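*Asks:* For reference, the sequence and a predicted model appear below.
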Amino acid sequence: MSRVAAGPAESIPGSRSRGEALARGVLLAAGVVVGAVGAWKLLQSGLDNILAALRWLVGGLLAHDALLAPVTVVLVVLAARVLPWWMRAPAAAGLVVLGTVTVAAVPVLGRFGALADNPTLLDRNYTAGWLVFAAIVVLAVAVTAWRRRSIGARPDVTAGPDAPAPR
Amino acid sequence: MLLKAPQEQDFTSRLRGPQVTARIGLWLGICFLTAFVTGLISHFAQDTPGWLTFPTRPVSLYRVTQGLHVISGTAAIPLLLVKLWSVFPKLFERLHLRDVRVLALELFERGSIAVLVSAAIFQLATGLANSSQWYPWSFSFRSTHYAVAWVVIGALLVHIAVKLPLIRTALGGPLDEDPDATSASGGLSRRGLLRTTWLATGVAVLGSAGATVPLLRKVSAFGVRSGDGPQGVPINKSAVAAQVIGPATHPSYTLSLINGAKTTQLSRADLEKMPQTTATLPIACVEGWSASGDWTGVRVSDLLDLIGAPADADIEVESLQPSGGYRVSELQSQFARDPLTLLALGLDGETLSIDHGYPCRIIAPDRPGVLQTKWVAKMTVLA
């Protein structure tokens, strides 16, 4: 992959035909207009509302870029060092499924919106549900890993855990 | 030892690249577009502009569009997380400081990406929290989620415009240049990563959609509502929370029908003596949950005829609630005159439970639940 030598040519590639250039121009103009509509609507909501929204807009970005993403990267690097080859793919798949679904389930797992006067809201045992879900994922990872190991079909034994892509 | 900031080439996973990013991005774009369109529908259903006559058929249209809104948002969570992972090294890409023109372009692109990522995370986080009635912020959810939706779509269109040639090349080309080499270290192949992402997306959807799709109730371990509730229908606001138990159960309760200077008072017994109609209509909430019920009551159009309201008049419906954003709703004439629009006195063959709006509530086809006013005190013909 040539990403290492990435210049503006990859970051902002040029159009290859007139039709493509036209489509990009239209998309760009539409995007700027639609985005401006949103900014205008946000600006109309009053200073307090804008500041409160900005805290969440920036906070969400930081929560991902400075916390979730680096933690994931470190976790994957460590896992690649520790895990034998036959466990890597199943473990990675398990992490994607378990991790992303758990993120999506945070509000129900925490029951933050629960109301004492409304038993129809958040009326499941989410912790038990999550434990069953996690157990299924772990089991699926274990079975797949065991099968890979017993088949022993490793394509290339010489490659290290984090062998860089050929450049 | 000094720690240095990572650079783009420090990230070595072969899985990252336009081949994976473009394929996940395509589905992420579809999810965001679906959420935007269904969100606009919901916005117009709640805040109908003068030029629009919101349809009353199909009766479950809003149930479907709002269910789809929350489902597409939920599906976008795994897609967004994997997509952001696939482009994370780009965050550390060096700017081209020598060429001012290139630098300006890059700064514009990076700025639009920052807006896109930030607004996308904002929409999914606030939407997800709202679906479980969790409000850990001080901004107005409805107007802010609506405004930022335009920002996301704008930034997304700019992003597609910038990346279009790259996207077309990636989608037109093979996923794995050499399928065998990619799994040499025993890790996932690109195909494996994509399949895993689709699986995670499917699990996230199936795990929560039971709140609106009855067939999925049993498998939706993370559904905000199981679908149970008084008379088989969940509730959003209880009678206790609305502070209506006193006035709603008072023996002297009467419904006021107001047309100009003339006011007609009807007790619940009076309403029970009028011709009764049963209609199967959904309660479909903006939070994405929905449930169908068999409602019995008086046709609103019969009540309007009783007070001589013009056929094209809009009606204001007022609740016994002392306060709250949805204390008053407006029934546009097409809803007020629809033969299925009822002032419901019963649900599921029983007297309406107080949490469903006893003594009487509005139930109309194809409307957001917040406008199906409960504990109705007054209906006024708008001039």
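*Replies:* That came through, no problem. The structure displayed is predicted, hence computed values, not measured ones.
*Asks:* Heading C-terminal from the strand or helix carrying B:Ala200, find the next helix or strand.
*Replies:* B:Ala200 belongs to helix B:190-208 when assigned by DSSP states H and E. Going down the chain from helix B:190-208, the next helix or strand is helix B:239-242, by DSSP H and E.
*Asks:* buried residues in that next one?
*Replies:* For helix B:239-242, a neighbour-count test (16 or more other Cβ atoms under 10 Å in any protein chain shown) marks B:Ala239, B:Ala241, B:Ala242 as buried. C-beta coordinates here come from the backbone N, C-alpha and C atoms, glycine included.
*Asks:* And for stretch A:12-31?
*Replies:* Within stretch A:12-31, the residues scored as buried using 16+ other Cβ under 10 Å are A:Ile12, A:Pro13, A:Arg24, A:Leu27, A:Leu28, A:Ala30, A:Gly31.
*Asks:* And the furthest pair within the residues you listed?
*Replies:* A:Pro13 and A:Ala30 (19.6 Å; Cβ to Cβ).
*Asks:* how far does stretch B:289-305 sit from the chain's center?
*Replies:* Relative to its parent chain, stretch B:289-305 has a centroid offset of 23 Å by Cα atoms, centre = their mean, to the nearest Å.
*Asks:* With stretch A:43-53 instead?
*Replies:* The answer for stretch A:43-53 is 28 Å, by Cα atoms, centre = their mean.
*Asks:* Lowest-scoring secondary structure element of chain A by mean pLDDT?
*Replies:* Ranked by mean pLDDT, DSSP states H and E, the weakest helix or strand in chain A is helix A:8-11, scoring a mean of 53.
*Asks:* Before we go further, B:Gly346 is sitting in a strand, right?
*Replies:* Yes. The assignment for B:Gly346 (DSSP: H, G, I helix; E, B strand; the rest coil) places it in a strand.
*Asks:* Ramachandran coordinates for the residue lying closest to it once chain neighbours are set aside?
*Replies:* Spatial nearest neighbour of B:Gly346, chain neighbours left out: B:Thr296 (4.1 Å); criterion: Cβ to Cβ, 6 or more residues apart in numbering or on different chains. As for B:Thr296, its main-chain torsions (degrees, to the nearest 10) stand at phi -120, psi 140.
*Asks:* Now do the buried residues in stretch B:38-54.
*Replies:* Buried, per 16+ other Cβ under 10 Å, within stretch B:38-54: B:Thr38, B:Gly39, B:Ile41, B:Ser42, B:His43, B:Ala45, B:Gln46, B:Thr48, B:Phe54.
*Asks:* name the helices or strands packed onto the host helix or strand of A:Gly35?
*Replies:* Using DSSP H and E, the element containing A:Gly35 is helix A:18-43. Secondary-structure packing of helix A:18-43 (3 or more Cβ pairs under 8 Å, 6 or more residues apart in numbering or on different chains; DSSP states H and E): helix A:47-62, helix B:100-131, helix B:141-172.
*Asks:* do you know which of these lies nearest A:Val138?
*Replies:* Comparison of those against A:Val138 by Cβ to Cβ identifies helix B:100-131 as nearest, at 24.8 Å.
*Asks:* what is the orientation angle of that closest one with helix A:18-43?
*Replies:* 50 degrees (axes from the mean of the first three to the mean of the last three Cα atoms, to 10 degrees).
*Asks:* Could you give the number of residues near B:Ser131?
*Replies:* 25 (other Cβ atoms under 10 Å in any protein chain shown).
*Asks:* so it touches B:His69, yeah?
*Replies:* No. With contact defined as Cβ atoms under 8 Å, B:Ser131 does not reach B:His69; the gap is 9.5 Å.
*Asks:* okay, and the common contacts of those two?
*Replies:* The contact sets of B:Ser131 and B:His69 overlap at B:Gly288 (Cβ atoms under 8 Å, 6 or more residues apart in numbering or on different chains).
*Asks:* so how far is the helix holding A:Gly35 from its chain's centroid?
*Replies:* 26 Å.
*Asks:* residue ranges with poor pLDDT in the chain?
*Replies:* You didn't say which chain, so I picked chain A. Along chain A, the model assigns pLDDT under 70 to residues A:1-11, A:153-167.
*Asks:* should've been chain B
*Replies:* Across chain B (using pLDDT under 70), the flagged ranges come out as B:1-3, B:177-184.
*Asks:* what sits against the residue in it that chain A sits nearest to?
*Replies:* Residue nearest to chain A within chain B: B:Gly154 (2.4 Å; Cβ to the nearest Cβ). Going by Cβ under 8 Å, 6+ apart, B:Gly154 touches A:Ala30, A:Gly31, A:Val32, A:Val33, A:Val34, A:Gly35, A:Ala36, A:Val37, A:Gly38.
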